[in-house]
Every structure is written in structure tokens, then in C-alpha cells.
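Colleague: below is the structure, and that's it, no one-letter string:
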């Protein structure tokens, strides 16, 4: 199984399956989920961002990948994720030098 697919939640994989079975029609999928098209589009965009995060070679570090996934899901802001990652990198550099 591809790494990006393995890293997704069951809910995300179910969403992808329904998307495929709806022939990629967001309008049909919005009806199935009983939500508006823009709401479904936001969910799809977040899922796309999550997949990009997993595929990014800079995210080999599990901590960085988790933070970026949380930001992609809008569970934390991108600014907060960047700030935490920056501090994390500073601490890691300090451990290597100290």
C-alpha cells in the first residue's frame, strides 16, 4: 500500500472510495454527505493537502509530518505549525551541538 494511503484515517479512505464511486462528482458526493458543495470542496482540499504533506520528502521526521498534517486538516493554524517546527529544529540543532 502506498505510504500516503496508509497514513490516511479510515474516514479519509472512505471519503476517497465514495469520491471514486461517484465518478469524481463533487455535486453527487455533496448529496450523499448531505452538505453543500463548498463544504465538500473544503474537505477535499484538506485531504489533498494531507496527501501532499505525507509525500513531501521534508516530512520524513514523524513529528514534522504530524504537525503539517494537523495544519492541513485545519486543526491548528499553519503559522502555529511553522512556529513549532522552527523551535523543534532549533532544539534538535542544540542537541547535536551540545
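Modeller: Sure thing, it's come through. Everything numeric here is computed off the predicted structure, so don't read it as measured data.
Colleague: tell me, how many neighbours does residue 54 end up with?
Modeller: 19 (other CB atoms under 10 Å). Backbone N, C-alpha and C define where each C-beta goes, glycine included.
Colleague: dump the residue contacts of it.
Modeller: The contact partners of residue 54, taken as CB atoms under 8 Å, 6 or more residues apart in numbering, are 3, 4, 7, 8, 65, 69.
Colleague: how near is the fourth one to residue 88?
Modeller: From residue 8 over to residue 88 the distance is 24 Å, taken as CB to CB, to the nearest Å.
Colleague: between the two, point out the one with more neighbours.
Modeller: residue 8 (18 against 14).
Colleague: which one is the residue most central in space within the chain nearest to, not counting chain neighbours?
Modeller: Residue closest to the mean C-alpha point of the chain, counted by CA atoms, centre = their mean, is residue 50 at 1.9 Å. Once flanking residues are discounted, residue 50 sits nearest to residue 72: 4.4 Å by CB to CB, 6 or more residues apart in numbering.
Colleague: thought the one you found was touching residue 53?
Modeller: Yes. At 5.2 Å, residue 72 counts as touching residue 53 under the criterion of CB atoms under 8 Å.
Colleague: now for these two: what residues contact both?
Modeller: By CB under 8 Å, 6+ apart, no residue touches both residue 72 and residue 53.
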